[in-house]
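In: sequence first, predicted coordinates after that:
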Amino acid sequence: MKISVVGTGYVGLVSGVCLASKGHEVTCIDVIQEKVDRINAGDPPIYEEGLESLLKEHVGTRIQATTDFTGAVMDSELSLIAVGTPFDGERIDLKYIKQVAQQLGEVLRDKPTYHTVIVKSTVVPGTTEDVVLPILEAASGKKAGTDFGVGMNPEFLKEGEAIKDFMEPDRIVLGGIDARTIAVLDEVYSVFPDTDKLRTSPRTAEMIKYTANSLLATLISFSNEIGNLCAALENVDTVEVMQGVHLDKRFAPILESGQRVFPSSLTYLASGCGFGGSCFPKDVKALIRYGQDRGQSMSILDSVIQTNLAQPQRMVELALKHFASLAGVRVAVLGLAFKPGTDDIRESASIAVIRDLLAHQADIIAFDPIAQEETEKALGEGTIAYAETVEACVEGAEVILLMTSWPQFKSLPELIAAMPMTPLLVDGRRMIARSSVPRYEGIGFTLPVPESATA
C-alpha cells in the first residue's frame, strides 16, 4: 500500500521506516528541508536504536521524504498524521493536528479517489471525530465515511526500543469511523498476521493509549512512594520488598513446566528517581485535565504526578546527608536522558537534579553516551561541564549521582575501587549492589550516616 506519513519525529519516522521494511511504499512529509534531505541521505534526524540501519536499507526504494505535501498525499492511499501534540500545562495543543487536517482536506477536495486519514499522534478522546473529521469535511467539501475514511491508530513505542516494539507488537489497535476504514487499517497491518488486533471506535482507541501510559506511570509512582516509605524505616530495602511482590504468581506466573516467567512490566514496579520523557508526564497531565473538564475526580493520577515531581529532589537530599553544603563540591552526574537508549531529555529527572545542584552551587560534571548535546541546548552552553567518558566524569568526584541506567555504569564499583578518594555513590536507579561500594546511598533504602561524614 502507498502510505504518506505527516511528521518525521519519533512516531512518524519510526512508523514510516518500519512500514517500509514490511513492504509498503512510504513517503514521509516534513516542512523542514534539512530534515527531508537527511532522511533521503539515510541519516535520521533523531536517535533511535536500529533506526539508521533500517532507514539506509530501504531509503530510495520503499521510503522517501519530501516537503511536497500535495504530491505525497495525491500519490498515496492512506495518510498517517504523526505530528506533535505539545502540552501547555493545561491541555494538549492541537494546532499542528488542525493544520495538517486542513491541508489534508484541501488536497482531498481535488483528489478523485477514496483516501483514508489516520491519526497516529496521541490525542485525547474525541479529537479524531470531533476535531479532525469536521476540518477534513469543511476543507474538502466531501463526506467522511463516503468519500474518505477517518480513523485513529495509537502507537505503543518505547523510546530506545521503538523499532523492536513496532516490528514485534504486542497488540495493534485499529479505530475507525466505519467498516471501510477498519478494512483499510486491516490491510496496512496484515503484515502482522499473528498479532492481536482490537477493532474499535476512534474515541476508544484514543482512550486506550492514554489509559495504557497512565497505568504504567501509576505503577512507577506507586513504587516510588513505597520506596520512600522503605527509606523511612530501619533496615528495609525497597529492592527486596519489590522482589517479594514480583514473586506473586499473578505478576510472575509459573508455567506447567515449573518455570517462572517475569514479564517486562515488572520493571515499572521498581523504585527510582522518577519518570520522564515525551509521553508519561504529558499524557497523565492531559488525562487529568480531560477528566476534570468532565466533572470527574482524577485524584489518583494527580498524586502520580505530584509524587513524580518530588522524586528527583531525593537524590540531592541523599547527598546532603553527607555534606553540610554542596557549594563547591564536585558532583558527577551519570546519565542525562530520561532513560537508556535515547537522547531524549524531555522531563528527565537529571535536568531537575542538575538545576537543584546549581542552586546549591555544586561543581557539576556530567556524562551521557548520546544526550549531552541535547542537554547543553536545554541548560545553555557553559552551564555545567561534560566528560567524554564515564572514567573522566567520576575522576576527582566527591559525589556520584547515577541517574540513568545505561549499561556502561555497571562498571562503577571497579572504577570507584581504583579512585584515591572514595566518593559517595547515590544510586537513583538501584542498579549497583549497595555492598559493592564503600559509600552508598540509594532510592528506597537508608543507611546510617557515618560519623566521619562532612559536618
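Out: Noted; the coordinates are in hand.
In: check which helices and strands the longest helix out of those in the chain sits against.
Out: Criterion DSSP state H: the longest helix present in the chain is helix 202-231. Applying 3 or more CB pairs under 8 Å, 6 or more residues apart in numbering; DSSP states H and E, we find helix 202-231 packed against strand 148-152, strand 172-176, helix 238-246, helix 280-293, helix 299-310. For the C-beta atoms, the positions are set from N, CA and C on the backbone; glycine is no exception.
In: domain parsing of this protein, as residue ranges.
Out: The chain breaks down by automatic domain parsing into domains covering 2-200, 212-310, 313-442.
In: and those domains: which comes nearest E206?
Out: domain 2-200 (4.4 Å; CB to CB).
In: bridging residues for C28?
Out: Listed by DSSP bridges, the beta-bridge partners for C28 are V5, A65.
In: and for it, the neighbour number?
Out: Using other CB atoms under 10 Å, C28 has 29 neighbouring residues.
In: V17 versus that one, what's the distance?
Out: Separation of C28 from V17 (CB to CB, to the nearest Å): 8 Å.
In: what is in contact with the two at once?
Out: By CB atoms under 8 Å, 6 or more residues apart in numbering, C28 and V17 have these common neighbours: I63.
In: low-confidence stretches in this protein?
Out: Residues of the chain meeting the criterion pLDDT under 70: 448-455.
In: so which residues of it form strands?
Out: Counting by DSSP state E, the segments of the chain that form strands are 2-6, 25-29, 63-66, 78-81, 115-119, 148-152, 172-176, 197-200, 330-334, 363-367, 385-386, 399-402, 424-427, 440-442.
In: how about these, which one is nearest M242?
Out: strand 440-442 (12.9 Å).
In: give me every residue that touches F338.
Out: Applying CB under 8 Å, 6+ apart, the residues contacting F338 are F275, G276, G277, D344, I345, R346, E347, S348, A349, S350, T404.
In: equivalent analysis for E388, please.
Out: With CB under 8 Å, 6+ apart, E388 has these contacts: F367.
In: how near is it to T404?
Out: From E388 to T404 the distance is 17 Å (CB to CB).
In: and if you look at I432?
Out: Taken as CB to CB, the span from I432 to T404 is 13 Å.
In: could you pull out the helices for the stretch 351-455 of the chain?
Out: In the stretch 351-455 of the chain, the helices defined using DSSP state H, counting those that start in this stretch lie at 372-379, 390-394, 412-417.
In: tell me the buried residues in the first one?
Out: In this case it means helix 372-379. Q372, E374, T375, E376, L379 (16 or more other CB atoms under 10 Å).
In: again with the shortest one
Out: Buried residues in helix 390-394, counted by 16+ other CB under 10 Å: V390, C393, V394.
In: what residues does it touch?
Out: 332-334, 365-367, 387, 400, 408-409, 411-412, 415-416, 419, 423.
In: and the nearest residue to G274 once chain neighbours are set aside, how many residues sit next to it?
Out: For G274, ignoring the flanking residues on the chain, the nearest one in space by CB to CB, 6 or more residues apart in numbering is Q311 at 3.6 Å. Residue neighbour count, defined by other CB under 10 Å, stands at 25 for Q311.
In: Q311 contacts V353, doesn't it?
Out: No. The pair Q311 / V353 is not scored as a contact, 10.0 Å apart, by CB atoms under 8 Å.
In: any residues in contact with both of these two?
Out: Joint contacts of Q311 and V353 (CB under 8 Å, 6+ apart) are C273.
In: related to what we said a few turns ago, got the angle for the longest helix of the chain vs strand 115-119?
Out: Counting by axes from the mean of the first three to the mean of the last three CA atoms, to 10 degrees, helix 202-231 lies at 20 degrees to strand 115-119.
In: residues of helix 202-231 that come out buried?
Out: 202-203, 205-210, 212-214, 216-228, 230-231.
In: then stretch 170-178?
Out: I172, V173, L174, G175, G176, I177.
In: state the distance from M421 to I400.
Out: 12 Å.
In: quick one: which of those two has more around it?
Out: I400 (28 against 9).
In: for the more buried one, what are its contacts?
Out: I400 neighbours (CB under 8 Å, 6+ apart): V331, A332, L334, V394, L412, I416, P423, L424, L425, V426.
In: now, which of those residues sits nearest T127?
Out: Distances from T127 to the contacts of I400, taken as CB to CB, are shortest for L334 (39.4 Å).
In: tell me how many other residues crowd the closest residue in space to the closest one that isn't next to it in sequence.
Out: Leaving out its chain neighbours, the residue that sits closest to L334 by CB to CB, 6+ apart is L402, at 5.0 Å. Using other CB under 10 Å, L402 has 24 neighbouring residues.
In: does L402 touch S411 like I think?
Out: No. Counting by CB under 8 Å, L402 does not reach S411; the two are 11.6 Å apart.
In: among the contacts of I400, who's most crowded?
Out: Per-residue neighbour counts (other CB under 10 Å) across the contacts of I400 peak at L334, which has 28 neighbours.
In: what is the neighbour count of I29?
Out: Counted with other CB under 10 Å, I29 comes out at 28.
In: also the one 4 residues further on?
Out: Here the neighbour count serves as a burial measure; for Q33 (other CB under 10 Å) it reads 11.
In: now do the contacts for it.
Out: Contacts of Q33 by CB under 8 Å, 6+ apart are T67.
In: tell me which residue is most central in this structure.
Out: Residue closest to the mean C-alpha point of the chain, counted by CA atoms, centre = their mean, is G277 at 4.4 Å.
In: excluding chain neighbours, what is closest to that residue?
Out: Nearest non-adjacent residue to G277, counting by CB to CB, 6+ apart: F338, 4.5 Å away.
In: can you give me the distance of the one you found to K164?
Out: 18 Å.
In: check V11 too.
Out: 15 Å.
In: neighbour count winner among those two?
Out: The neighbour count for V11 versus K164, taken as other CB under 10 Å, is higher for V11 (25 against 14).
In: show me the contacts for the nearest residue to that one once chain neighbours are set aside.
Out: Excluding the flanking residues, the one nearest V11 by CB to CB, 6+ apart is A82, at 4.6 Å. Each residue near A82 by CB under 8 Å, 6+ apart is listed here: V5, V6, G7, G9, V11, G12, S15, K120, S121.
In: who are the neighbours in contact with the fifth one?
Out: If a contact means CB under 8 Å, 6+ apart, then V11 has A82, K120, S121, E155, L157 as its contacts.
In: with the second one instead?
Out: If a contact means CB under 8 Å, 6+ apart, then V6 has G12, I29, F69, S79, L80, I81, A82, V83, V100, L104 as its contacts.
In: closest one of the residues you listed to H360?
Out: For the contacts of V6, the nearest to H360 is V83 (39.3 Å; CB to CB).
In: I'm done for today, thanks for sticking with me.
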